[in-house]
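Undergrad: Need coordinates for the following:
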Amino acid sequence: MSTKKIRSITVIGRRWRDRKFGNTYHTATIFVNDEEVGRVPFSYGGDSMYEQSASEWLQANGYLPDLGRKNVPLRIRAESLGIKLVRDVSDVARKKDL
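TA: Prediction:
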């Protein structure tokens with residue numbers, strides 16, 4: 001898909017903290033122009049790592065170009081391309097809710 005056709009990207013993240021070991025994990029569901037295009041499976045990392053994972057997924061699957069730098073925040077990528085970005089994240093109590 002060409003970046004010229006992308007009007008909006010929505011990323012719905014979920015985070016879960018393993019209380020026994022203290023690690024945080026996430027998943028992300030990715031929508032382009034209000035259509036679900038992909039999902040980042042169970043991955044390590046908390047805070048806004050769901051956004052980074054989504055950004056990497058979008059680039060790897062041809063939705064976003066490589067900007068020549070590593071770890072460019074999704075907000076910066078979308079802004080530079082004139083794409084509306086919507087992000088939402090929730091913390092879940094159980095691993096199976098990811």
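Undergrad: measure the residue positioned nearest the centre of the chain to residue 20 for me?
TA: Note on the chain: the residue nearest the mean C-alpha position is residue 54, at 2.5 Å, using Cα atoms, centre = their mean. When distances are taken as Cβ to Cβ, to the nearest Å, residue 54 and residue 20 turn out to be 27 Å apart. Just so you know, the C-beta spots here come from the backbone N, C-alpha and C atoms, and that holds for glycine as well.
Undergrad: Which phi and psi values does the closest residue to residue 6 other than its chain neighbours adopt?
TA: Ranked by Cβ to Cβ, 6 or more residues apart in numbering and with sequence neighbours excluded, the top spatial neighbour of residue 6 is residue 83, at 5.3 Å. Backbone dihedrals for residue 83, given as degrees, to the nearest 10, come out at phi -100, psi 130.
Undergrad: Ok, the one 4 residues further on next?
TA: Backbone geometry at residue 87, expressed as degrees, to the nearest 10, gives phi -130, psi 140.
Undergrad: my read: it touches residue 51, true?
TA: Yes. The pair formed by residue 87 and residue 51 meets the contact definition of Cβ atoms under 8 Å, at 6.2 Å.
Undergrad: neighbour-wise, which of these two wins?
TA: residue 51 (20 against 17; other Cβ atoms under 10 Å).
Undergrad: got the contact list for that one?
TA: Contacts here follow Cβ atoms under 8 Å, 6 or more residues apart in numbering; on that basis residue 51 touches 11, 13, 28, 73, 74, 75, 87.
Undergrad: what's the answer for residue 55, then?
TA: Contact partners of residue 55, counting by Cβ under 8 Å, 6+ apart, are 64, 72, 73, 74, 77.
Undergrad: Now for the third one, how many residues are close by?
TA: So that's residue 73. Around residue 73 there are 12 other residues, counting by other Cβ under 10 Å.
Undergrad: Fine, thanks again, bye for now.
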